[in-house]
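Engineer: sharing a model prediction with you, sequence too.
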Amino acid sequence: MVRRHEAPSRSTPMHYDVAIIGAGMSGLAAGIRLAYFDKRVCILEKHYAYGGLNSYYTIDGRSFDVGLHAVTNFAPPNVRQAPLAKLCRQLRLTRDDFAMHPQRFSEIRFPGRTLRFSNDIAELTDEVAREFPHQKDAFQRLLTVVREYNDVRLDAKPLSARRVLRAHIDDPVLTEMLLCPLMYYGSAEEHDMDFTQFVTMFKSILLEGFARPVDGVRTIIKMLVRKYRSCGGKLRMQCGVDRINVKGGTVESIVLDSGEQITADVVFSSAGFHETMGMCSDHSQNVPDDPVGRISFVETIAVLDEHPHQLGHDAAIVFFNDSDVFDYAVPNELVDLRSGVICCPTNYEGHESVKDSLFRVTWLANYARWNSLDEVAYREAKASLLADFRRRGESVIPGFSPHIVYTDMFTPRTIQRFTGHANGAVYGSPRKRRDGRTRVENLFICGTDQGFLGIIGAMLSGVTIANLHVLSQA
Amino acid sequence: MGQQQVKEIILKIIETIAPDADLSDVKSDVRLRDQLDMDSMDFLDIVMELRKRYKVEVPKEDYMQLETLDSCAAYLAPKFEAVAAS
Ligand SMILES: Cc1cc2nc3c(=O)[nH]c(=O)nc-3n(C[C@H](O)[C@H](O)[C@H](O)COP(=O)(O)OP(=O)(O)OC[C@H]3O[C@@H](n4cnc5c(N)ncnc54)[C@H](O)[C@@H]3O)c2cc1C
C-alpha cells in the first residue's frame, strides 16, 4: 500500500484508513495492530499527555501515576491463552517489554477477618478454608465454575453475580469479601456486577494476579507509543475531536477543536459511548436509554520517608471494608470512607531501589458533589480528606503521619477534566457494547465502554475491535 | 514455490507471532491449533502476515484450509505461484 503523507490543507482534508479518538491504553493498542498491518492510522488525543485514565505526571520533581495500583492478569508465561499472553502476541511485544515485577501478596480486610491472596490461588484457597471452614468445598466449586466460564465471548447474556454467588456460597460475608476487590477494580455497576464481568475480574485478580513495572505506568505507555510510531502510526496530541459529522448513518468527517477536518474510512472512539455519541452531528444516532456511568473515585497519594514494609506494612494492595456488608455505590456525600483500596507500589518485588515511597488510598466518590464546590470549598474538602487519609494510614501503619513528606490528591473532577469521561466515571457506562458497534455504521467504541476494563483489558479491547471491524474485513 | 518452502514460511510467521512457541517438533499433519495452543486471533494473524509479507490473500471462508502445515502447503502453494507470476 502506498502511503500518502501530504500536508494538511483546508481544501483537502487528511484521509486515513482509521482515525482513533483517544491515546489511552485501548486507542494505542488498536493503533499498533492497525499500523502494524499497514493501515494508515491517526490517533487524535485531546490532552498533551498520553495514557488517558492511566497516565502519569510529575509535580515538584516527583513522579506519580494517575491509575496503576496493579497490572492485573499476571499469569505465568506458559499459559498461552491468558489475556496477557494473547496481548503480547497480538501486539508483537514480549513480557519483558512490560518489565513487570510480581506482588508478594495483597489482602481483603473486613472486621475481624482477613483474606490474603497472591499470584498463586492456592494461598487464597487456604485462607478461605481458615476463615470460613464451612465454605471450603463451596469455594472450590465456585473456582470450577469460574475457570470453566467463557467470559470473553462477545454475546454473553446479562446475569447477576450476586445471584450466582448465592447459589454457591452460604456465608454472606465471604460473598462480600470476594466482591470487594473485584468491584473496586472493575465494576461500572453499583451494588452488583454482571457475572461475566465478575468472572473476568476474578480470573484477572485472583487466579492470575498482580504485577507492576518499577517505573510505573510510564514504562507501559512509552513502550506502546514507541511501538505504535515504529509501525508507522501517526499520533497527534492536543488535538481534541469537537464533532463527528454523520450523514446517512456513516461518519463523513471529523472536525477537530482547531476547526481542521479529517476523513477516515473507519473511526474508533475510546472517549466513552455517551461522550462519543454527543460528538455526533446527527443526534438521532444518540441512544437515550444507555445509562451514563457514575462510579468514580478520589485518591490521596502520600510520599513517605521510608518504605511501608520498613514500617511493618507488607501488602501491595489492601481492599478494606469496615462492616460485614460491602456497599459499592456512589455515596451521597463527597466520599464514602467505609471502604477503599490502599496501594503501596514499593511492596512489589524488585521495587527496593525506588526513590519515592508511595502510599495511596482510593475511596468511592460522588462526582456531582465534588463538581458543585467552588474553589475555596474544593480546597477545604481536599484538606479535610487529608485528615481522613492520615487516620486510615494510622490503621495500617501505627505512627503513620510523621512519615508523610508530600501529598497529592485527585478527585472525580480531576478525572473528568483530564479524560473527558462524563461524571469522572472510571469504568464508564454500566451498559457495555461488547461488539463495539454504534448506530453509525463505521464508528466503533473501544476501551472502557466496550467493556474490557483495566490496563490489560483496555488494550485487549482495542485489539479486539481492530480485529473484528477492520483487519478481519478483507 | 514448493510445499516445503510454504511450510517454512508458515513456521516463520508463527515464530513472529509467538516467539515463545516451541517449533522444533511441529507435526505436518496435526492441527496447529492443538499442537501450539493457537486460537482464532492467532489464525487471523497468520492470514494478516501472509498479506503483509507476501501479498497472498486468504478469504475468510478458507481459514480452515490453514489447519495443519500440510493443508497450508497444499492450499497456499498455488497462491504463492499466482502472486509470483503476476
Ligand atoms: C485512579 C485510577 C486507578 C486505576 N487503577 C488501575 C489499576 O491499578 N489497574 C488497572 O488495570 N486499571 C486501573 N485503572 C483503570 C484503567 O486505567 C482504565 O480501565 C484504562 O486505562 C482505560 O483505557 P481506555 O483506553 O478505555 O480509556 P481512556 O484511558 O480514558 O482513554 C480515552 C482517551 O480519549 C481521550 N479523549 C476523550 N475525549 C476526546 C476527544 N473529544 N478528542 C480527543 N481525545 C479525547 C482522553 O483524553 C483519553 O486519553 C485505574 C483508573 C483510575 C482512574
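Structural biologist: Perfect, I can see it now.
Engineer: stretch A:238-247: which residues count as buried?
Structural biologist: A:239-241, A:244-246 (16 or more other Cβ atoms under 10 Å in any protein chain shown). Glycine gets a C-beta too; all of them are placed from N, C-alpha and C.
Engineer: contacting residues for the residue lying closest to residue A:308 once chain neighbours are set aside?
Structural biologist: Nearest residue to residue A:308 in three dimensions, chain neighbours excluded: residue A:344, at 4.3 Å (Cβ to Cβ, 6 or more residues apart in numbering or on different chains). Residue A:344 makes contact with A:308-309, A:313, A:315-317, A:357-360 under the criterion Cβ atoms under 8 Å, 6 or more residues apart in numbering or on different chains.
Engineer: is it true that residue A:28 touches residue A:222?
Structural biologist: No: the criterion here is Cβ atoms under 8 Å, and residue A:28 misses it with residue A:222 at 10.5 Å.
Engineer: these two: who's more crowded?
Structural biologist: Legend: neighbour count by other Cβ atoms under 10 Å in any protein chain shown for residue A:28 and residue A:222, higher for residue A:28 (31 against 14).
Engineer: once you drop chain neighbours, what's closest to the more buried one?
Structural biologist: According to Cβ to Cβ, 6+ apart, the nearest residue to residue A:28 is residue A:224 (4.2 Å).
Engineer: pretty sure that neighbour contacts residue A:26?
Structural biologist: No: judged on Cβ under 8 Å, residue A:224 makes no contact with residue A:26 at a distance of 10.5 Å.
Engineer: contact residues of the stretch 51-200 of chain A facing the ligand?
Structural biologist: Residues of the stretch 51-200 of chain A that fall close to the ligand, judged by Cβ under 6 Å from any ligand atom: A:52-54, A:66-72.
Engineer: so the residue nearest to residue A:28 versus residue A:455, what's the distance?
Structural biologist: Residue A:224 sits 10 Å away from residue A:455, going by Cβ to Cβ, to the nearest Å.
Engineer: which neighbours do the two share?
Structural biologist: With Cβ under 8 Å, 6+ apart, residue A:224 and residue A:455 have common neighbours residue A:25.
Engineer: between the residues of the stretch 51-200 of chain A next to the ligand, which is nearest residue A:446?
Structural biologist: residue A:52 (11.6 Å; Cβ to Cβ).
Engineer: counting neighbours, what do you get for the closest one?
Structural biologist: 28.
Engineer: hang on, it packs against residue A:22?
Structural biologist: Yes: counting by Cβ under 8 Å, residue A:22 is a contact partner of residue A:52 at 6.0 Å.
Engineer: list residues touching both of those two?
Structural biologist: Common neighbours of residue A:52 and residue A:22 (Cβ under 8 Å, 6+ apart) are A:270, A:447.
Engineer: please enumerate the helices of chain B.
Structural biologist: Using DSSP state H, the helices of chain B run over B:3-17, B:32-36, B:40-54, B:69-85.
Engineer: hmm, I typed the wrong one, I wanted the stretch 351-474 of chain A.
Structural biologist: A:367-372, A:375-396, A:412-419, A:454-466 (DSSP state H, counting those that start in this stretch).
Engineer: briefly note if the first one comes near the ligand.
Structural biologist: Meaning helix A:367-372. No: using Cβ under 6 Å from any ligand atom, helix A:367-372 stays clear of the ligand, coming no nearer than 12.3 Å.
Engineer: quick one: average pLDDT of that helix?
Structural biologist: For helix A:367-372, mean pLDDT is 97.
Engineer: the longest one too?
Structural biologist: Averaging pLDDT along helix A:375-396 gives 96.
Engineer: ok, the third one next?
Structural biologist: Confidence over helix A:412-419 (mean pLDDT, whole number) is 93.
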